[in-house]
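# what follows is a predicted protein model with its sequence.
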Amino acid sequence: MFGSHKVKIEGELLDKAKQCADACGYESVDEFVLHMLEKEIKKVLPPDEGSAPSKDIVKKRLQGLGYIE
Amino acid sequence: MLCCQRGPAWHGEQKLIILGIDGMDPQLLKRFMQEGKMPNFARLAEQGSFRLLASSIPPQSPVAWSNLMTGMDAGGHGIFDFIHRDPKTLQPYFSASRVEGPKRALHLGSWVIPLGGGSAEQLRRGRAFWEILDEHGVPNTIFRIPANFPPVPAKGQTLSGMGTPDLRGTYGTFSFYTDDPTTAAGSVEGGQVIPVQVENSKVTANLIGPDNTFRKGSPPATELFSVAVDPLESVAKFAVQGQEFLLREGEWSDWVRVEFQLIPVFGNVKGMCRFYLKQAHPRFQLYVSPMNIDPADPALPISTPAKYSRMLSEEAGEFHTQGIAEDTKARSDGMLDDQEYLEQAQAVLAEHRRIFDAEFPKFQRGVFFFYFSSLDLNSHMLWRLTDAKHPGYDAALAAEYGSALSGFYQQIDQVLGEVLPKLDEHTTLLVLSDHGFAPYYRSFNLNTWLLQNGYIKLKSDANSNQNEPWANMDWSGTRAYGLGLNGLYLNLQGREGHGIVHSGTDAKALMKEIKEKLLGVRDPQSGLSVITRVDIASEVYSGPYSQSGPDLIVGYNRGYRAGWKTILGAFPPDTLENNNNPWSGDHCMDRDLVPGVLLSNRKISVGAPALTDISPTILAEFGIEKPKDMMGRSVFQPDSTRF
């Protein structure tokens, strides 16, 4: 389930990715691409499927406000 | 640096003092004045003005204080409720601020090296009145006003208040250590029960710090502490990172500083907490407060200038930095009893009074705003001890602690007593609250009602988990849902992730239908209306964020509030149920039923002052024209005299 997967990027897209990674201070194109993917997944998938905190964590954070159980 | 430069020089002599008293209720204030308990308020009301102050829709503190500080309603500042949701995911979050960990990281073995720090983001929009004062060079101090975390960049001195998290990024998580096997270990509301063993009269355990984003999986950072329990006496000796102190049973420690090491040598973060030895024998019971951000070395921005929080702690001693400092959850969970809760709440007010006593004498000119939380939190927790009709009323406890709430009111009167002698012909005083208070007898489970009335659909094979938010929801058949304390949303196509209701005519008709039905709900126990007001957002809000909040705002009758579990989307079986929680007073109701107060040493000339009038009033005091997006007007005639 947690295996790896390689994606080949080449040509103009690779050049542009390199430019973006350099401009934004990423250590590598890999790091830049991973970050972009994480960002987009967060936008599309519901929290449990993406990287957002779980319902329990959200609830625990909010309980200190006093108004919820 | 530009941010440190003063604005245009302002040479006026005008002074404005504002005491912001969260939750001060006009009915209680009148009663305590009549009983002679609040002589300074009585004098101010008699010689100056005392009016009701219309609260926000809904009358919740983050909304109300945002109305006050921006002069706009929720459509202008974007804060509609304590709890907002992401429309795509329905994930709830605190409306006024967001704290996030670092986005990028480097993975090295078991270590994860964050690239760049985490961040705190304020979600309130619109300019606060002190930002405009800054532009005109008017000096100001703004102490703990809610919905200002992280504090907006300012030239004056500001300290953040409600909305400031603890060091764990929550709004308060206490720890309770015990060897009592009858106390279940694990998470409780607003806290954590940690089992310990007493071996050879010694307890060793971990203090829980922030999640360590340097470690894979971000486990919480911890620091060991130990307790040597005297085998004969009810006393224990504590050792925390080289600091040692003794506590007797029933005694609180001072603030104890704790440094959590996140990564060897380079990364550490400082917090502070208080210990309360609830019981030494026969069972060990220790309460440790939420780990507060250390004001002397804050891990997140909590003041402007950044050094202001350190200066305050040097001048007035350590203080809670957590936005809601009174530990109501420890009382509701039964980890603290009424006496212990009151001691903790008294300590919070004592800190605020110490800071007030240190800061107020320095005030020379401009604006001095000081916020007190005590009446709000203690009205929430102590109402059941003053009202024999409350389901949680206990005659014996009422006899012992029934006067505690008036005692907090009297302390606020003493603060006013320090201010009144300082008033002169150049000084205007405003004493105000964001809302009043009412009993919270019964819970209305809005989502259960929506389910029973066919607006929410569950999956056909659903075995509904009553406590799980949005468990088994069939969004393809759900037309509306409740979230937050007063919010009701349509499941709108194009906005919600799985929306089905068409905007326009369909949405309007649905809102009208739900509104009429809600206004018809009666409590079979009392025959009373449960809901006395339902506002359609587009009719009551103006401004660029009008469409960002709930579609309907539910205003409950006095005595009623949204149920505890419906707020985040769960479905308790009954639509109405008694509220037996120690949190027994509330204000998240019909705003006309819980107005705040406005008192001044000047004559208030407007007919029905509202929170949105306060920013225009403040600006007018300094001859500053209000911006066009501010809704209100000054509550004073320009030439009105002061007493």
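Yep, it's here. Residues are numbered from 1 along each chain as shown, chains lettered A, B, ... in the order given.
# below-threshold pLDDT in chain B: ranges please.
Low-confidence segments of chain B (pLDDT under 70): B:1-8, B:101-111, B:113-118, B:265-266, B:461-466, B:638-639.
# give me the domain ranges for it.
B:2-79+B:124-165+B:300-437+B:594-621, B:174-292, B:441-589 (automatic domain parsing).
# can you redo those as CSV with mean neighbour count and distance to A:Asp30?
Just so you know, the C-beta spots here come from the backbone N, C-alpha and C atoms, and that holds for glycine as well. Formatted as CSV, these follow (neighbours: other CB atoms under 10 Å in any protein chain shown; distance: least, CB to CB, whole Å):
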stretch, mean neighbour count, distance to A:Asp30
domain B:2-79+B:124-165+B:300-437+B:594-621, 21, 31
domain B:174-292, 17, 18
domain B:441-589, 19, 30
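# those: which one's closest to B:Thr641?
domain B:2-79+B:124-165+B:300-437+B:594-621 (7.0 Å; CB to CB).
# now distance to B:Arg642 too, for the domains of chain B, in TSV please.
Shown next, in TSV, are the domains of chain B (distance: least, CB to CB, whole Å):
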stretch	distance to B:Arg642
domain B:2-79+B:124-165+B:300-437+B:594-621	5
domain B:174-292	39
domain B:441-589	31
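# could I get those in TSV, plus columns for distance to chain A?
Below are these laid out as TSV (distance: least, CB to the nearest CB, whole Å):
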stretch	distance to chain A
domain B:2-79+B:124-165+B:300-437+B:594-621	5
domain B:174-292	4
domain B:441-589	4
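# B:Ile324 touches B:Met162, doesn't it?
Yes - using CB atoms under 8 Å, B:Ile324 is in contact with B:Met162, at 5.9 Å.
# touching both of these two, which residues are there?
Applying CB atoms under 8 Å, 6 or more residues apart in numbering or on different chains, one finds that B:Ile324 and B:Met162 are jointly contacted by B:Ser373.
# hang on, the earlier thing: select, out of the domains of chain B, the one closest to A:Lys60.
domain B:174-292 (6.5 Å).
# show the contacting residues for the residue of chain A at minimum distance from chain B.
The nearest approach of chain A to chain B comes at A:Gly64, 2.9 Å away (CB to the nearest CB). By CB under 8 Å, 6+ apart, the contact list for A:Gly64 reads B:166, B:170-173, B:190, B:290, B:322, B:324, B:329.
# so of these, which ones are in helices?
In this view, these that belong to helices under DSSP state H are B:Lys329.
# centre of the chain to the longest helix along chain A, how far?
Scanning chain A for the helix with the most residues, using DSSP H, yields helix A:29-44. Between the centre of helix A:29-44 and the centre of its chain there are 4 Å (CA atoms, centre = their mean, to the nearest Å).
# list the helices and strands that helix packs on?
Packing partners of helix A:29-44 (3 or more CB pairs under 8 Å, 6 or more residues apart in numbering or on different chains; DSSP states H and E): helix A:11-24, strand B:104-108.
# let's go with 7 Å and repeat that
The helices and strands touching helix A:29-44, judged by 3 or more CB pairs under 7 Å, 6 or more residues apart in numbering or on different chains; DSSP states H and E, are helix A:11-24.
# now do the buried residues in the helix it packs on.
A:17, A:21 (16 or more other CB atoms under 10 Å in any protein chain shown).
# so that helix versus helix A:29-44, what angle?
90 degrees (axes from the mean of the first three to the mean of the last three CA atoms, to 10 degrees).
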